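Q: Coordinates for the following, if possible.
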Amino acid sequence: MELERINPVALVCGAASGLGTLCAQAISRRAEGGLILVDSDEAALDFTADALTKPPERVSTLAFDPRAPEEWKRGTSFIAAHYGRLDWVLVVPPPLDARGGETGLADLDAAQLALRSLGRLQRNNVQGGAAALVLGAQAAMKAHVLQVLRAAAGEGAANKVRVNAVVVGGADAPAWRNAVAVTRFDHATLETLANSASPVARCPGYNVTGMAPFLLSDKHTLTGATLVVDDIQAL
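A: This is a model prediction of the structure:
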């Protein structure tokens, strides 16, 4: 799938492991203007950068705690100074695994902080920007996921940024069973979903690293939507 911007700059927050690493691989081959990888684990972040199979000419790693607003101020200053723009953002909170619910809420709040901080930078683009929140085990926290996404999409609208979410955890998981099942996924389907009262859809047969870049395309106006996919296969 082709993304339309010329020399776009992309950022992946949470790139040091798991879904974040897969998303970094998926977007790196399309980010001709540069790729920025963010996470708190510097060694793992460097490993992710070194393992990219088709990296752009410019790749930067920013190792800091994404829960800290002051760190984001420094991070966005670096991006503005060294890249001058930011087109696409993928924010990937760590999976819950065996941790408690309070930690999961904190991770989602940190994701919202990342989207807010980066959205202010994306609004400088004539074309605006696009962001996707990519969630793993947090899928069980459906109500909070939707709340965070609604807030992020509302803030994104003020910055000319489309914000959507991809949830990994099985398109037939009980929490999402009432959502509309999408059997064909294309830009026309996205536009239909954008005009629906409840933009939540199950997308069986799709994987996160294919869906996330698709949401960054400028060929649709979808924002505030949650797409539930089956697995995490890499492109």
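
Q: which of the residues in stretch 201-219 are buried?
A: Neighbour counts over stretch 201-219 (16 or more other Cβ atoms under 10 Å) mark 201-203, 206-218 as buried. The way it works is simple: take the backbone N, C-alpha and C, and place the C-beta from them, glycine included.

Q: Widest-spaced pair of the residues you listed?
A: Greatest spatial distance in the buried residues of stretch 201-219: Arg202 and Asp218, 24.9 Å, computed using Cβ to Cβ.

Q: so where's the protein shaky on pLDDT?
A: 1-4, 95-103, 137-140, 170-171, 231-235 (pLDDT under 70).

Q: residue boundaries of the strands in it?
A: Using DSSP state E, the strands found in the chain span residues 9-13, 34-39, 59-63, 88-91, 129-135, 161-168, 180-181, 200-207, 226-231.

Q: For this structure, which segments are assigned as helices?
A: 18-28, 42-51, 69-82, 101-122, 142-158, 187-194, 208-215 (DSSP state H).

Q: Give me the contact list for the fifth one.
A: Right, helix 142-158. Helix 142-158 is contacted by residues 104-105, 108-109, 111-112, 115-116, 119, 123, 131, 133, 135, 138-139, 162-165, 167, 175-176, 200, 223-224, 226 when judged by Cβ atoms under 8 Å, 6 or more residues apart in numbering.

Q: For the buried ones among the residues you listed, write the corresponding ChimeraX selection.
A: Per 16+ other Cβ under 10 Å, the buried members of those correspond to this ChimeraX selection:
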select :104,108,111,112,115,116,119,131,133,135,138,139,162,163,164,165,167,175,176,200,223,224,226
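
Q: Go through the strands of the chain and name the closest to Ala188.
A: strand 200-207 (13.5 Å).

Q: tell me what that closest one is packed against?
A: Counting contacts by 3 or more Cβ pairs under 8 Å, 6 or more residues apart in numbering; DSSP states H and E, strand 200-207 is packed against strand 180-181, strand 226-231.

Q: now, which of the buried residues of stretch 201-219 sits nearest Pro8?
A: If you rank the buried residues of stretch 201-219 by distance to Pro8 using Cβ to Cβ, Leu216 comes first, at 8.4 Å.

Q: surely that closest one meets Leu86?
A: No. In this structure, Leu216 is not within contact of Leu86 by Cβ atoms under 8 Å, at 11.8 Å.

Q: Overlap of the contact sets of these two?
A: Ala10.

Q: got a list of what the nearest residue to Trp72 once chain neighbours are set aside touches?
A: Leaving out its chain neighbours, the residue that sits closest to Trp72 by Cβ to Cβ, 6 or more residues apart in numbering is Ser117, at 3.9 Å. With contact set as Cβ under 8 Å, 6+ apart, Ser117 has these partners: 69, 72-73, 75-76.

Q: that older thread, mind giving me JSON lines with the strands of the chain and columns for distance to Thr189?
A: Listed next are these as JSON lines, based on distance: least, Cβ to Cβ, whole Å:
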{"stretch": "strand 9-13", "distance to Thr189": "24"}
{"stretch": "strand 34-39", "distance to Thr189": "28"}
{"stretch": "strand 59-63", "distance to Thr189": "33"}
{"stretch": "strand 88-91", "distance to Thr189": "21"}
{"stretch": "strand 129-135", "distance to Thr189": "16"}
{"stretch": "strand 161-168", "distance to Thr189": "13"}
{"stretch": "strand 180-181", "distance to Thr189": "10"}
{"stretch": "strand 200-207", "distance to Thr189": "8"}
{"stretch": "strand 226-231", "distance to Thr189": "10"}
